[in-house]
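**Q** pasting the sequence and the predicted model now:
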Amino acid sequence: MWDYSETVKDHFFNPRNAKALEDANAIGDVGSISCGDALRLTLKVNKHTDIIEDAGFQTFGCGSAIASSSALTELIIGKTITDAEKVSNQEIVDYLGGLPPEKMHCSVMGQEALEAAIANYRGIELKADDHEEGKLICRCFAVDEGKISRAVEKHSLSSIDDVINYTKAGGACTGCHEKIERVIDAVLAKKKAACSSSSNFVNYPVEAAAGSFASAVSLGDQLTQNVREIISNLRPYLQVDGGDVSLVQASEHLITVSLSGACTGCMMTDITMGWLQDQIAEKLGFPIPVVNQIPESHEPQELQELSHLAHP
Amino acid sequence: MKAIYLDNNATTKLDAMALEAMLPLFTEQFGNPSSIHSFADKVGAQLKIARRRVADLIGALHETEIIFTSCATESTTTAIYSALKVHPHRKEIITTVVEHPATLEVCEQLELEGYKIHWLKVDKRGRVDLNEYQKVLSDNVALVSVMWANNETGTLFPILEMAQLARQKGILFHTDAVQAAGKIPIEVQDSGIDMLSFSGHKLHAPKGIGALYVRRGIRYRPLLRGGHQERGRRAGTENCASIVAFGVAAEQAELHLETMNGRIKTLRDKLEKGILAQVEHAFVTGDPSNRTANTCNIAFEYVEGEAILMLLNQQGIAASSGSACTSGSLEPSHVMQAMSIPFTAAHGTIRFSLSRYTTEKEIDKVIDVIAAIIDKLRLLSPYWQNGKPVEMERFAPTFA
């Protein structure tokens, strides 16, 4: 069974404010019966002071959903709307003395019900979250395939850690990591296919780049460090097809990389380079031309060292 | 009052005789049965008896048809992969949508790897359509794997008939009999069943011991290779103490089959009738006319299963739920979804599973307390107002 704290158990067995307020002037509904969690939060807010004078909840859900709802009402009664707005799901968790990772979504539901109720009080209509796209992947934070897939695509995520940071998915019990990896792989495969069929290579004139951005980049070492990190995050995309890339040199005028493996002599080199340039520009926030250094048989010692650094 | 254990489909209490039989193997009888000395012989002789007893429970003619494994999940995995290895050109598997995850997850993985899985659907009572089944039987099918009894509802599948149909087409047939072994009479010898998986801990043996029946003469490839244990069919030193206990428990289970389908069935029916008489908006899921005698699964509408379990537990009653929350998932059990049980009920399904240790007094206590528990939770539920369910349209929130 779940490792519920004593406070969670107390709020489940003896829920506070379990009622529907008759004279509520703010109502927040979240959840859905299909997912087994639904919460209606009713608030009575003093129109003159904006203070939440009373709150009531009705919850269909498990022990921690009921406890989270109960805790939420206790946290917000007596607060002004402005202060209540600042209550986060973590505050609900802390109030309850912690929740099992798989149950974090219960606290998120509480916080979202509050958000919905406040919006309702202010007469704002909240846009419905377009949920339930594809299979549910992260069961702890209720994140589906659609959301993860969009985040991976939009932010070029390549690791589980990235996905956790952007979507929370995979951040609790870790049981879905294999599934997240599959989503990443699927998006990458799609992206690579798209990259190969478009040719959006933009050749930034070296002079223009130098003029606009020389002042923005003051620390050459910092830039090299950043570019190296970006490139190391991009490597898996090429490695999928047996290729690879390493950084040779980076300055505010020009980034020199070395394509290797299957990328060497590949007819798609220009497209790969265009994609690299776009990716690096997006991450840096400004464009720097990227060129490929054709490897020579007698590679200068200095370059070898640099390229070694790019493979930490 | 002593705690009431009605979760015997999850696991069971160890039989006292089984415990007594296994204890010496932890102390003086510690020998490895593969060794050539008297320490080994004592253990080896006991394993032989146990193997015979386990074979008898399912009506296997030869004791060498029994392979001991670590659990039924291992047995099932072994059976599926063995069938694929002996038929490398057959790229299809037939199974159902209500299997235990031990089968489901393996098949889903195989699907990703390119195998075609025929997922047989079930009707509202959890029954498969034999016509649909016959349509997908073909020379491309490497294996049919269907559970004998569903773990959540106890619904029994027509395994003997399905196995016979597979045999007529020359297709290997495996059944996951974890929830059937020890609850219904099983005679594999004259059936079309080629492989059968079951485990000890569902029938009062310890956890960590399972068995796979493999019919003599059918092709088989081991999952674990290595030593010659289990005649090379499952390498790894035997879990001797548990095998011995499994033997005793299997013998006891066979002796108690009559109790199971007599006294226990009567208690189960009493519990079911009692609950339904006490609680409105509740119904039995699965196929009431064709299920294991110890299992009853009741859907309580407009309340959530984990919350029910917590309140039952507070009263010293242990049961189980097909709700999303008990498994840390957000969807109700795949079995309830497959039977098209509405979400308002699927999240509130409670499984009571009895054993030969269940008493009438315990059943009476459950009937006594259940109504108050459901009432308490319905008072909290937004789907329930003034003693009855509210119109769904009035509360149709978006997902959190």
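**A** Noted; the coordinates are in hand. Residues are numbered from 1 along each chain as shown, chains lettered A, B, ... in the order given.

**Q** now the residue most central in space within chain B: closest residue in space, sequence neighbours ignored.
**A** With distances taken as CA atoms, centre = their mean, chain B has residue B:179 as the residue nearest its mean C-alpha position (3.4 Å). By the measure of CB to CB, 6 or more residues apart in numbering or on different chains, the closest residue to residue B:179 outside its immediate chain neighbours is residue B:149, 4.0 Å from it. To be clear about C-beta, it is placed using only N, CA and C from the backbone, and glycine gets the same treatment.

**Q** what's the burial count for that neighbour?
**A** With neighbours defined by other CB atoms under 10 Å in any protein chain shown, the count for residue B:149 comes to 26.

**Q** right, and it touches residue B:182 too?
**A** No: with contact defined as CB atoms under 8 Å, residue B:149 does not count as touching residue B:182 (10.6 Å).

**Q** ok, residue A:79 - contacts?
**A** A:51, A:52, A:87 (CB atoms under 8 Å, 6 or more residues apart in numbering or on different chains).

**Q** ignore the last one, residue B:18
**A** By CB under 8 Å, 6+ apart, the contact set of residue B:18 is B:204, B:205, B:206, B:245, B:246, B:248, B:249, B:252.

**Q** which of these lies closest to residue A:178?
**A** Ranked by distance to residue A:178 (CB to CB), those are led by residue B:206 at 30.5 Å.

**Q** quick one: the strands in the stretch 1-150 of chain A, in order.
**A** Taking DSSP state E, counting those that start in this stretch as the criterion, the stretch 1-150 of chain A carries its strands at A:26-32, A:37-45, A:52-60, A:136-138, A:143-144.

**Q** before we move on, back to that, show me what the residue nearest to residue B:179 is bridged to.
**A** When bridges are assigned using DSSP bridges, the partners listed for residue B:149 are residue B:156.

**Q** gap between it and residue B:288?
**A** Distance, residue B:149 to residue B:288, using CB to CB, to the nearest Å: 14 Å.

**Q** next: residue A:248.
**A** For residue A:248, the distance to residue B:288 equals 74 Å [CB to CB].

**Q** which of these two has more neighbours?
**A** Looking at residue A:248 and residue B:288 with other CB under 10 Å, you find the greater number of neighbours at residue A:248, namely 21 against 16.

**Q** before we move on, back to that, and the residue nearest to residue B:179, what does it touch?
**A** Residue B:149 sits next to B:155, B:156, B:157, B:177, B:179, B:180, B:183, B:184, B:291, B:292, B:295 when contact means CB under 8 Å, 6+ apart.

**Q** and for residue A:78?
**A** A:51, A:52, A:53.

**Q** tabulate these in CSV, adding columns for pLDDT, neighbour count and distance to residue A:258.
**A** Putting those into CSV (pLDDT from 0 to 100; neighbours: other CB atoms under 10 Å in any protein chain shown; distance: CB to CB, whole Å) gives the following:
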residue, pLDDT, neighbour count, distance to residue A:258
A:51, 96, 16, 64
A:52, 96, 25, 62
A:53, 96, 13, 68
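
**Q** ok so, going back, just to check, the residue nearest to the centre of chain B is in contact with residue B:151?
**A** Yes: Residue B:179 lies in contact with residue B:151 (CB under 8 Å); the separation is 4.9 Å.

**Q** which neighbours do those two share?
**A** Common neighbours of residue B:179 and residue B:151, using CB under 8 Å, 6+ apart, are residue B:9.

**Q** chain B: which of the contacts of residue A:79 is nearest?
**A** The shortest separation between chain B and any of these is 15.6 Å, and it belongs to residue A:87 (by CB to the nearest CB).
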